[in-house]
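[1] when you get a sec, could you give me coordinates for this:
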Amino acid sequence: YAFRRSLVKWRIDKTLLVSALKFGAPLTVSALFWYCLTGVDRLFLERLGETEMLGIYNVGLAISGYMQIFYTTVSNTFEPDIYQTIAQKNRKKLILILGTIIGVVTLANMLFVLFAPFLIDVLTAGRYVASAPFARILAIHNITMAVYYMVVKLLIGNGYVKGELFVRVSGAICSVVAFFVHM
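    Residues are numbered from 1 along each chain as shown. This is a model prediction of the structure:
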């Protein structure tokens with residue numbers, strides 16, 4: 001998009017291109033640091049040599065992942081409204097939108113927590129009910145991640161992309177440190 005917008009009569013609008021790169025570069029680097037934050041839980045289990053527990057955990061992770069898809073759907077539906085209200089500086093509407101997203105996600109995940117053993121029993125034909133405690137914990141994790149993602153959207157929407165990068169770098173460093181302390 002930035003390249004196409006900056007290309008005017010086969011000339012590149014350097015000001016617009018530099019502005020786009022300044023905005024996008026921290027987000028790109030931030031996305032790379034996200035890899036340090038994802039999967040560290042499974043890495044810990046794998047290092048413990050608990051293959052069976054890792055398998056049960058992965059089933060719980062996969063099933064709770066459906067609740068994460070629910071968050072993504074709700075969030076993507078309202079994402080344009082979030083950025084629009086930030087641009088219009090309409091804080092009341094912004095709080096209402098963010099509260100609605102987090103409220104709906106919290107309600108859905110808490111219902112999942114209540115019925116997780118039953119749902120997992122049905123979905124896995126009774127084979128992986130042992131994954132219910134992990135799925136419950138990960139459903140709670142989905143709620144905290146929804147709050148995290150809303151904060152990230154606020155940072156990006158307000159132009160604080162370096163702040164978002166700082167949050168991810170800090171999380172990645174903490175994950176790496178935790179891994180080496182645990183070993």
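[2] just the helices in the protein please.
    With helices called from DSSP state H, the chain shows them at 2-6, 14-37, 40-48, 51-87, 91-123, 132-157, 161-182.
[3] what packs against the fourth one?
    When contacts are defined as 3 or more C-beta pairs under 8 Å, 6 or more residues apart in numbering; DSSP states H and E, helix 51-87 sits against helix 40-48, helix 91-123, helix 132-157. In short, each C-beta sits where N, CA and C put it, glycine included.
[4] looking at those helices, spot the one closest to residue 56.
    Of all these, helix 132-157 sits nearest to residue 56, with 6.7 Å by C-beta to C-beta.
[5] distance between the closest one and the chain's centre?
    On the basis of C-alpha atoms, centre = their mean, to the nearest Å, helix 132-157 sits 6 Å off its chain's mean C-alpha point.
[6] in it, what's buried?
    Of all the residues in helix 132-157, those buried under the rule 16 or more other C-beta atoms under 10 Å are 132, 134-139, 141-143, 146, 149-150, 152-157.
[7] helices or strands next to that helix in the packing?
    By 3+ C-beta pairs under 8 Å, 6+ apart, helix 132-157 packs against helix 51-87, helix 91-123, helix 161-182.
[8] just the mean pLDDT for that helix, thanks.
    Averaged over helix 132-157, pLDDT sits at 90.
[9] tilt between it and helix 91-123?
    160 degrees (axes from the mean of the first three to the mean of the last three C-alpha atoms, to 10 degrees).
[10] so who does residue 143 touch?
    Neighbour list for residue 143: 102, 105-106, 109-110 [criterion: C-beta atoms under 8 Å, 6 or more residues apart in numbering].
[11] repeat that for 10 Å
    Residue 143 makes contact with 67, 71, 102, 105-110, 113, according to C-beta atoms under 10 Å, 6 or more residues apart in numbering.
[12] how near is it to residue 57?
    Here the criterion is C-beta to C-beta, to the nearest Å. By it, residue 143 lies 19 Å from residue 57.
[13] that older thread, point out the most buried one among the helices of the chain.
    Comparing the helices of the chain by mean neighbour count (mean count of other C-beta atoms under 10 Å), helix 132-157 comes out on top with a mean of 18.
[14] pLDDT wise, what is residue 63 at?
    Looking at residue 63, its pLDDT stands at 93.
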